[in-house]
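A.B. asks: model the structure of this input:
(one chain, ligands or ions: 1)
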Amino acid sequence: MGYNREDFVRIKAEYSEKYRRAREKADERRFELYGRIPEVKDIDSVLSGTGLEIMRIISSGKKDTEAAVEALKARNEELLARRGALLVANGYSADYSDVKYECEKCGDTGYVGTKMCECMKKALVLAGYESSGLGGLIRTQSFENFSLEYYRGGGASYENMEMFVGALKRFASDFDANTYRNYLLLGSTGLGKTHLSTAVAKKVIERGYDVLYVSAVGMIGDFEARRFGTGAGDGSVRGTERYYEADLLIIDDLGTEVVNQFTVSCLYDVINSRINNRKCTFINTNLSRKEIEDKYTERITSRLFGEYYPLPFAGTDIRRQKRMK
Ligand SMILES: [Zn+2]
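C.D. replies: Residues are numbered from 1 along each chain as shown. Reported below is the predicted structural model:
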């Protein structure tokens, strides 16, 4: 699993805190009981001595240890029944002072044995949605609500789109640590590039991987802030490490950023490093292949068209589509 590292560290800390608080609250309830029903305190003190008593029985070397342990067990059961009855008689539930974990499966540790509990996986997915940079898109755009109907009547575009959606769905639902494939989503605005890449992001996050979704402008902004210290001035400058480390990076709207030597070298570095490290990247752009070639260096263009699967999204603007081929 490649959960976002910061999310993972934060959630682990939240779990320790949750676990600690659950036990603390149970202690508070127990002391409340001791104040109101002194006999409960006596019972608890007898019960808590059980371990010692068993040790004493065993080390005494007598023959009937088994019977003695059995008798102890029976006594404890009686005490527990008495304790429960006392609580109920005083208007409490019998389990009033038991530790109440949010998740009974893992006792708020996040793990069942060595396996991560479902509750922690869920928390990491929710955190992954947050740290992906997708914001509200994640709630509105998924494979489930992507309609192909929009592409009917556009000649070959329906069949193409059907194929693209199928490929992206398979990519997302099979995504694992060995997945390596890059996509270049081409086509004008309003043809579903953002919708489909969000749907992919959502699915990959749900599978437990770190996804970063960013506009080309936002990404370049982060690199500039890093290089020139031109952050928003609110201390919100993000590191640029995740552009290299995320399991899946989606760069939206390539071509809307200012293109100069610095931005081109940042872009090349991210694209190239990710290819070398076999990390998946999606790039969405309104630019045609020709426009990409004109705007970026030969190095970038050859990396993009050599290592990415181009998916030319098409709708009504057929002429534009022809130009792209
Ligand atoms: Zn759990």
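A.B. asks: find the closest residue to the ion in the stretch 151-300 of the chain.
C.D. replies: Gly208 (15.3 Å; Cβ to the ion). To be clear about C-beta, it is placed using only N, CA and C from the backbone, and glycine gets the same treatment.
A.B. asks: show me what contacts that residue?
C.D. replies: Residues counted as contacts of Gly208 (Cβ atoms under 8 Å, 6 or more residues apart in numbering) are 1-3, 121, 124-125.
A.B. asks: helices of the stretch 1-150 of the chain, residue ranges please.
C.D. replies: With helices called from DSSP state H, counting those that start in this stretch, the stretch 1-150 of the chain shows them at 5-36, 38-48, 50-59, 65-89, 118-131, 137-140.
A.B. asks: mean neighbour count and distance to Phe262 added to these, as JSON lines?
C.D. replies: Formatted as JSON lines, these follow (neighbours: other Cβ atoms under 10 Å; distance: least, Cβ to Cβ, whole Å):
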{"stretch": "helix 5-36", "mean neighbour count": "14", "distance to Phe262": "27"}
{"stretch": "helix 38-48", "mean neighbour count": "14", "distance to Phe262": "67"}
{"stretch": "helix 50-59", "mean neighbour count": "12", "distance to Phe262": "67"}
{"stretch": "helix 65-89", "mean neighbour count": "13", "distance to Phe262": "70"}
{"stretch": "helix 118-131", "mean neighbour count": "18", "distance to Phe262": "26"}
{"stretch": "helix 137-140", "mean neighbour count": "15", "distance to Phe262": "29"}
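A.B. asks: let me know which of those is the nearest to the ion.
C.D. replies: helix 118-131 (3.3 Å).
A.B. asks: near the ion at all, the closest one?
C.D. replies: Yes: counting by Cβ under 5 Å from the ion, the ion has neighbours in helix 118-131: Cys119.
A.B. asks: least confident of the helices of the stretch 1-150 of the chain, on average?
C.D. replies: Per-stretch mean pLDDT for the helices of the stretch 1-150 of the chain is lowest at helix 137-140 (a mean of 80).
A.B. asks: list of residues touching the helix or strand just after that one?
C.D. replies: Per DSSP states H and E, the first helix or strand lying C-terminal to helix 137-140 is helix 157-173. Contacts of helix 157-173 with the rest of the structure, by Cβ under 8 Å, 6+ apart, involve 143, 146, 148, 151-152, 179, 181, 183, 192, 196, 199-200, 203-204, 207, 309, 311-315, 321.
A.B. asks: would you map out the domains in this structure?
C.D. replies: The chain breaks down into these domains under automatic domain parsing: 5-111, 132-324.
A.B. asks: comparing those domains, which gets the lowest mean pLDDT score?
C.D. replies: Among those, domain 132-324 carries the lowest mean pLDDT, at a mean of 86.
A.B. asks: show me how far it is from its chain's centre.
C.D. replies: Here domain 132-324 is found 19 Å from its chain centre; the criterion is Cα atoms, centre = their mean, to the nearest Å.
A.B. asks: over to stretch 75-94?
C.D. replies: 43 Å.
A.B. asks: send the alpha carbons of it over as PDB?
C.D. replies: Listed next in PDB are the C-alpha coordinates belonging to stretch 75-94 (Å, rounded to 0.1, in the frame of the first residue of the first chain):
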ATOM      1  CA  ARG A  75     -15.600 -17.400  41.900                       C
ATOM      2  CA  ASN A  76     -14.800 -14.700  39.400                       C
ATOM      3  CA  GLU A  77     -17.800 -15.500  37.300                       C
ATOM      4  CA  GLU A  78     -20.000 -15.000  40.400                       C
ATOM      5  CA  LEU A  79     -18.300 -11.800  41.200                       C
ATOM      6  CA  LEU A  80     -18.800 -10.500  37.700                       C
ATOM      7  CA  ALA A  81     -22.500 -11.400  37.900                       C
ATOM      8  CA  ARG A  82     -22.800  -9.700  41.200                       C
ATOM      9  CA  ARG A  83     -21.000  -6.600  39.900                       C
ATOM     10  CA  GLY A  84     -23.400  -6.400  36.900                       C
ATOM     11  CA  ALA A  85     -26.400  -6.800  39.100                       C
ATOM     12  CA  LEU A  86     -25.200  -4.100  41.400                       C
ATOM     13  CA  LEU A  87     -24.700  -1.700  38.500                       C
ATOM     14  CA  VAL A  88     -28.200  -2.400  37.100                       C
ATOM     15  CA  ALA A  89     -29.800  -2.100  40.600                       C
ATOM     16  CA  ASN A  90     -28.200   1.400  40.800                       C
ATOM     17  CA  GLY A  91     -29.500   2.500  37.400                       C
ATOM     18  CA  TYR A  92     -26.400   1.800  35.300                       C
ATOM     19  CA  SER A  93     -25.900  -0.600  32.400                       C
ATOM     20  CA  ALA A  94     -24.000  -3.700  33.300                       C
END
